[in-house]
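>>> Take this sequence and fold it.
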Amino acid sequence: MDILIHDVKNIESFLKINPEKITVISDNGKIEPCICCFGCWIKTPGKCVIDDGYNNMGILVSQCKRLMIISQCFYGGYSPFVKNVFDRSVPCLLPYFKTKNGETHHIKRYSNDITLSVNFYGEITNAERETAKKLIIANGKNMFTKTEIHFNNSFEEIQRGFYEN
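Numbers count the residues shown, from 1 in each chain. Presented below is the predicted three-dimensional model:
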């Protein structure tokens, strides 16, 4: 299974998505921010305690092969909605830490191998590209994923590339 997290309005009309192969995470206007309560690790391991329809992100990520993100680039990072969903995915990791190569990271909860594929779109400066590259590399390390990053001038560019892959 693949997961697509995005910030594009009416993406279903732009992409032909097989719901049996790709789970689409869209903004329903009801997502709550992560409150760093540790409930996803202590009270309901692997699942967020905030019941707003996005509480199962850790479980979904634990089952995917490819985590695809389509996001407008905001100062070298994700759009607010995509960042929020990404934050709510933290239950796919354990609360324990391990130091590797002088860096501290959470420990992997599940054994699946994930590819994190990020498509940024919009008018992106060179400085934003560099920041985004560092962010995606860090996210990949933290989530134990292989990473791919693409920069696009528009969503239409992503759409064309989506069908080529």
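
>>> got the contact list for stretch 139-146?
Residues outside stretch 139-146 that contact it (Cβ atoms under 8 Å, 6 or more residues apart in numbering): 61, 67, 86, 89, 92-93, 103, 105-106, 108, 113-116, 147. From N, CA and C alone the C-beta is placed, and that goes for glycine too.

>>> Going through these, which ones are buried?
The neighbour-count test (16 or more other Cβ atoms under 10 Å) applied to those identifies Val61, Leu67, Phe86, Ser89, Cys92, Leu93, His105, His106, Lys108, Ile114, Leu116, Thr147 as buried.

>>> Quick one: name whatever helix or strand follows the worst-scoring helix or strand of the chain on mean pLDDT.
When each helix and strand of the chain is scored by mean pLDDT, DSSP states H and E, helix 11-14 comes last, with a mean of 66. Per DSSP states H and E, the first helix or strand lying C-terminal to helix 11-14 is strand 22-25.

>>> That following strand packs against which elements?
strand 2-6, helix 57-63 (3 or more Cβ pairs under 8 Å, 6 or more residues apart in numbering; DSSP states H and E).

>>> Quick one: distance of the longest one to the chain centre.
Taking Cα atoms, centre = their mean, to the nearest Å, one finds helix 57-63 lying 11 Å from the centre of the chain it belongs to.

>>> got the contact list for the helix or strand following it?
Using DSSP H and E, the helix or strand that follows helix 57-63 in sequence is strand 66-72. Contact with strand 66-72 is made by 2-8, 11, 22, 61, 78-79, 82, 86, 114-122, 143, 145, 155, 158, as judged by Cβ under 8 Å, 6+ apart.
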